[in-house]
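In: Sequence first, then the predicted structure:
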Amino acid sequence: MDDQNKNLILAVVLSGIVLLTWTYFFPAPEPVTDPNAPVVQMGTDAQNAADGAVALAPPSADSVSGTTTVSTQTAEQIPDAPRLDIETDRVVGSISLIGGRIDDLSLKDYNVELDSDEIVTLLTPVGSDAPYYAVYGWAPGGDMTADDVPGANTEWSVESGEALSLDSPVTLVWNNGKGLLFRRTIAIDENYLFTITQSVENAGADAKRMAAYGIVARHGTPEVSRYFVLHEGLVRLTDKTLEEADYKDIADYEMVAREGAQASVEDVAENGWIGFTDKNWMTTLVPQPGQPFTSVVKYVANPEIYQVESRLPAQTIEPGATVENTTYLFAGAKEWETIKHYQDDTGIYRFVDSIDWGWFFFFTKPIFRLLHALNAIIGNMGWSIIVLTLIIKGIMFPLAYKSYVSMARMKELQPEMEKLKEEAGDDREKMQRGMMELYKKNKVNPASGCLPLILQIPVFFSLYKVIFVTIELRHAPWIGWIRDLSAPDPSSILNLFGLLSFAPPEPGSLFAILSLGILPILLGISMWLQQKLNPAPTDPSQKMIMAWMPWVFMFMLGSFASGLVLYWIANNTITFTQQYLIMRSHGHKPEVLGNIMSSLRLKKKEDAS
């Protein structure tokens, strides 16, 4: 076996390992109505709770001093609860005056499905199929009780504002009848950031102690995409430590149990945030930069509630004094530019890390930023992916050049290698020694052809992560039938790419694997043509692997995102062109057509025999 073919076999093996590993760890998700929308299916306990009262576990003000006591309230379903509307250019919803909950929010810019007019719903109230909401308040301390502070079912009054909109905040007010007046002012910016200002005025004769908090609660275990590459669940930053945990991990946390709830408590000195993240959406509690707070993850098994909290330090309100605290709530789409704006301009530390960049973040982040910049210039993600591929290949060109030059030199050594084979006969050790001397004498490195392939593996993973995870690729069109680069090619060879009237098999069905689209077929052809730059190996096993490899890859990648398949086609085309030109510059004109015809003649001969 000559070393050029060894390199080809090694490339096949490496690529096969990559794809098989990827397929094993990142299996296709079970089909759901909308895999991107934050809609959850509830267990029996959570459903029963939604029909009546739902346990909500706010903190005690004394918990900031080191204890983990949990008091329990109920967030009741009140169908006719008074509400305040929310509407900006990007969101629409309402605030319930019962508890002052932000529990109804939809995103105007995003549809549930590509061809649907239904917009994505992020937050939903108690009593819906999947309650998911934010609630704020004050935890009692000292000799105070839960009745002295506004709770989950307290009915607030509107002090100012008719509806929440850009530049029109609303203020809610509640008097406990014991000398304490509570106010909550809610504002929203042009994107997805709510500003929550809570104050309490003490008109009584005694000092009072309490702590402000914010809670995001999610009832039932959400349906997730089930991709290993994608994180959905808890995401929090505690000073400099980023933590991610899926819902099973939250339920299995080694937490301190109190009154049926489990809590994981982390003190944050300066900067942090905590929330729940879906594939494309996120709801996150964000104290002001520099504000110390306690970050809490909580799981209530019965009913099934996942809960995150940000607890500010306890404060003492002297008679005649007023205290005030301001925090943020991010509830919206994980748009890189928007989140980076909050990081850079609002000062939310490392907020862009709330996007799931993955293990190869050092590749993923710059690749995405470059793709994002190209799209800003070109205005089309598909063409931007092709230009990005050109840039990546340009950066790797010096290594590729050495690789292709080495391959050309090895072709020059073919006559001498054949002579060595004849002289060595069955003496493999003698053959190996002779080949090493030949390589050393002619300064040829037979392993150099594998280096570009190895370097492309993390780039491939990173680009997959960018295309699959970032919302900028969601429903992003390219040309014609490719209207969503984050989804597989919707065309199908089974209905002649739409020429026949019947629909192709549904994803997940038995025949879906045969329903190849145009892009996967082009990928197989591009790999096949790339093979034809070199003659087919004479060894039967090598020849069989080489013959099947393009078509195996074609089927394996048929269900991958169109953007990734487009990248691979562009990569193969550029690689073919580079190798062809470099080999010609070294006096070796690749006989592409001749190799194709030779393989066809060989196949006919085999069939005849």
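Out: Thanks, I have the structure now. Residues are numbered from 1 along each chain as shown.

In: just checking, next helix/strand downstream of the one helix or strand Ala547 maps to?
Out: Following DSSP states H and E, one finds Ala547 within helix 540-556. Downstream of helix 540-556, the first helix or strand assigned by DSSP H and E is helix 562-585.

In: ok, and for the helix holding Ala547, which residues are buried?
Out: Gln542, Ile545, Met546, Met549, Pro550, Val552, Phe553, Met554, Met556 (16 or more other CB atoms under 10 Å). The way it works is simple: take the backbone N, C-alpha and C, and place the C-beta from them, glycine included.

In: Columns distance to Thr171 and pLDDT on top of those residues, output as CSV?
Out: Formatted as CSV, these follow (distance: CB to CB, whole Å; pLDDT from 0 to 100):
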residue, distance to Thr171, pLDDT
Gln542, 76, 65
Ile545, 71, 76
Met546, 72, 72
Met549, 67, 81
Pro550, 65, 83
Val552, 64, 84
Phe553, 61, 81
Met554, 61, 86
Met556, 58, 82
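
In: Okay, and Glu337 sits in which element?
Out: Here Glu337 sits within helix 336-341, counting by DSSP H and E.

In: what does that helix contact?
Out: Residues from elsewhere that reach helix 336-341, judged by CB atoms under 8 Å, 6 or more residues apart in numbering: 191-192, 330, 332, 351-352, 354-355, 368, 372, 470-472.

In: closest to Ala205 among these?
Out: Nearest to Ala205 out of the contacts of helix 336-341 is Phe330 (CB to CB; 40.2 Å).

In: Tell me what that closest one is bridged to.
Out: When assigned by DSSP bridges, Phe330 has beta-bridge partners Leu193, Thr284.

In: ok, it - contacts?
Out: Going by CB under 8 Å, 6+ apart, Phe330 touches Tyr192, Leu193, Phe194, Trp273, Gly275, Met282, Thr283, Thr284, Val286, Ile339, Tyr342.

In: And Ala134, by the same measure?
Out: Arg101, Ile102, Asp103, Leu123, Gly214, Ile215, Val216, Ala217, Thr283, Leu285, Leu329, Ala331.

In: mind redoing it with 10 Å?
Out: 95, 100-103, 105, 123, 194, 196, 214-217, 275, 283-285, 308, 329, 331 (CB atoms under 10 Å, 6 or more residues apart in numbering).

In: which non-adjacent residue is nearest it?
Out: Of all residues not flanking Ala134 in the chain, Ile102 sits nearest, at 4.5 Å (CB to CB, 6 or more residues apart in numbering).

In: Okay, now the unreliable bits of the stretch 351-500 of the chain?
Out: For the stretch 351-500 of the chain, the stretches flagged by pLDDT under 70 are 407-408, 411-412, 446-453, 495, 498.

In: Repeat the analysis, applying 90 as the threshold.
Out: The model of the stretch 351-500 of the chain has pLDDT under 90 over residues 358-363, 392-470, 486-500.

In: Helices of this structure, residue ranges please.
Out: Per DSSP state H, the chain carries helices over the ranges 3-25, 44-51, 247-252, 336-341, 361-378, 381-395, 397-412, 414-424, 428-442, 451-469, 518-531, 540-556, 562-585, 592-608.

In: I'd like these as JSON lines, with distance to Thr322 appended.
Out: JSON lines is the format used below for those (distance: least, CB to CB, whole Å):
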{"stretch": "helix 3-25", "distance to Thr322": "55"}
{"stretch": "helix 44-51", "distance to Thr322": "36"}
{"stretch": "helix 247-252", "distance to Thr322": "37"}
{"stretch": "helix 336-341", "distance to Thr322": "32"}
{"stretch": "helix 361-378", "distance to Thr322": "44"}
{"stretch": "helix 381-395", "distance to Thr322": "51"}
{"stretch": "helix 397-412", "distance to Thr322": "66"}
{"stretch": "helix 414-424", "distance to Thr322": "88"}
{"stretch": "helix 428-442", "distance to Thr322": "82"}
{"stretch": "helix 451-469", "distance to Thr322": "44"}
{"stretch": "helix 518-531", "distance to Thr322": "63"}
{"stretch": "helix 540-556", "distance to Thr322": "65"}
{"stretch": "helix 562-585", "distance to Thr322": "54"}
{"stretch": "helix 592-608", "distance to Thr322": "81"}
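
In: Nearest approach to Glu223 belongs to which of these?
Out: Nearest to Glu223, of all those, is helix 247-252, at 10.3 Å by CB to CB.
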